[in-house]
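[1] structure here, sequence nowhere to be found:
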């Protein structure tokens, strides 16, 4: 299934459907659904219009309309696949070979998960909340058919910003993006935001399923918050530019908002902060920030440069220059150089 035009996305695979956002100078601050990256592990299912709530030995159901009747919240959230940047790791690792476009920013509207959970009694011994999507299939190295399942610690699940979403940019969530109902966990890598949500289970022990313990881990440690990243979308790599350079990019982090974007060139150890006025403020702490710089003068004509951009967030997390290699290729947020030549 190819739910959107190949011209709108960079398609990596057709079934399961995986495609990147095209990041360039025309990329808007809010990513339309048809241009927002898509990540699926199995064939795209038809999601249910109700969710089974399972706990304390009993099961109840909450319908789409009942969820819509709960107080609604809207948030601008940047979602990023944990495998974004995998293509740049050496030696190569298995998995979808994402470049830098497995990221997108949208306005999601839904009910607080906390309000949904309040419709049932939560046993005092509950430690985690398990979410199951309607998608299922056979991972290549597992040898059996499973569904996509992920859990959150109870305290995280009950955070005020976790949503059971039903709108994306004010419209019903498209099927390829997990509609009609999906989880949105702001600040976390996209694997936590379970799509085609069909069942929520209250657990009294930690979940150890395939997508919790065998995937989305680095050296046995589970992935959580999105690591800081800045991406230069203009000029493109290999461009011939005027000496007065125009820069456009995006910066984001899941642990805290980005407060600074720094520039270096030709692998120089010196990093120069861009003026804060170049970094456009985002009303949401979970959305990326666009940055622009006009008339940046480069010395010399007919010379080649390597431009490097990195992000620093409010918690002090700094985007690294060197990648952290790992066997599954997750969280590679290392700076990617952009090579340009100044016109003679």
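    Noted; the coordinates are in hand. Source: prediction; values computed, not measured.

[2] before we go further, residue 67 is sitting in a helix, right?
    Yes: when the secondary structure is assigned by DSSP: H, G, I helix; E, B strand; the rest coil, residue 67 falls within a helix.

[3] give me the distance between it and residue 79.
    20 Å (C-beta to C-beta, to the nearest Å). (C-beta placed from N, C-alpha, C; glycine too.)

[4] who has more neighbours out of these two?
    Between residue 67 and residue 79, counted using other C-beta atoms under 10 Å, the more crowded position is residue 79 (29 against 23).

[5] does the more buried one lie in a helix or a strand, and which?
    Under DSSP states H and E, the secondary-structure element containing residue 79 is strand 72-80.

[6] hang on, residue 246 in a strand?
    Yes: going by three-state DSSP, the assignment for residue 246 places it inside a strand.

[7] in terms of helices and strands, where is the nearest residue to it once chain neighbours are set aside?
    What sits nearest to residue 246 in space, not counting adjacent residues and going by C-beta to C-beta, 6 or more residues apart in numbering, is residue 294, at 5.6 Å. With the criterion set as DSSP H and E, the secondary-structure element containing residue 294 is strand 289-297.

[8] which other helices and strands contact that strand?
    Taking 3 or more C-beta pairs under 8 Å, 6 or more residues apart in numbering; DSSP states H and E as contact, the helices and strands that strand 289-297 lies on are strand 244-252.

[9] and the strand it packs on, which strands flank it?
    In the sheet, strand 244-252 lines up against strand 229-234 (antiparallel), strand 289-297 (antiparallel) (DSSP bridges).

[10] in the stretch 201-344 of the chain, where is pLDDT below threshold?
    Under the criterion pLDDT under 70, the flagged ranges of the stretch 201-344 of the chain are 295, 344.

[11] apply 80 and report the result again.
    Along the stretch 201-344 of the chain, segments meeting pLDDT under 80 span 243-244, 267, 295-301, 344.

[12] which residues of it fall in strands?
    Along the stretch 201-344 of the chain, counting by DSSP state E, counting those that start in this stretch, strands occupy 217-218, 221-222, 229-234, 239-241, 244-252, 258-265, 272-273, 289-297, 304-313, 338-342.

[13] and the fourth one, which residues are buried?
    Buried residues in strand 239-241, defined by neighbour count with 16 or more other C-beta atoms under 10 Å: residue 241.

[14] and it, how far from the chain's centre?
    30 Å (C-alpha atoms, centre = their mean, to the nearest Å).

[15] which residues sit against it?
    Surrounding strand 239-241, the residues in contact under the criterion C-beta atoms under 8 Å, 6 or more residues apart in numbering are 235, 340, 341, 342, 343.

[16] could you list the paired strands of it along with their orientation?
    For strand 239-241, the paired strands and their directions (DSSP bridges) read strand 338-342 (parallel).

[17] centre of the chain to the partner strand, how far?
    28 Å.

[18] stretch 298-309 too?
    Centroid separation for stretch 298-309 versus its chain: 31 Å, with C-alpha atoms, centre = their mean.

[19] span of it from start to end?
    15 Å (C-alpha to C-alpha, to the nearest Å).

[20] quick revisit: now the strand holding residue 79 and strand 229-234, what's the angle there?
    Here strand 72-80 runs at an angle of 80 degrees relative to strand 229-234 (axes from the mean of the first three to the mean of the last three C-alpha atoms, to 10 degrees).

[21] tilt between the helix or strand following strand 72-80 and strand 244-252?
    Later in the chain than strand 72-80, the nearest helix or strand by DSSP H and E is strand 103-112. Here strand 103-112 runs at 30 degrees with respect to strand 244-252, directions being taken by the same axes, to 10 degrees.

[22] what's downstream of strand 103-112, the next helix or strand?
    Counting by DSSP H and E, what follows strand 103-112 is helix 113-117.

[23] now the helix or strand following that next one, how far from the centre of its chain.
    Proceeding N to C from helix 113-117, the next assigned helix or strand is strand 128-137, under DSSP H and E. Strand 128-137 has its average C-alpha position 18 Å from the chain's average C-alpha position, going by C-alpha atoms, centre = their mean.
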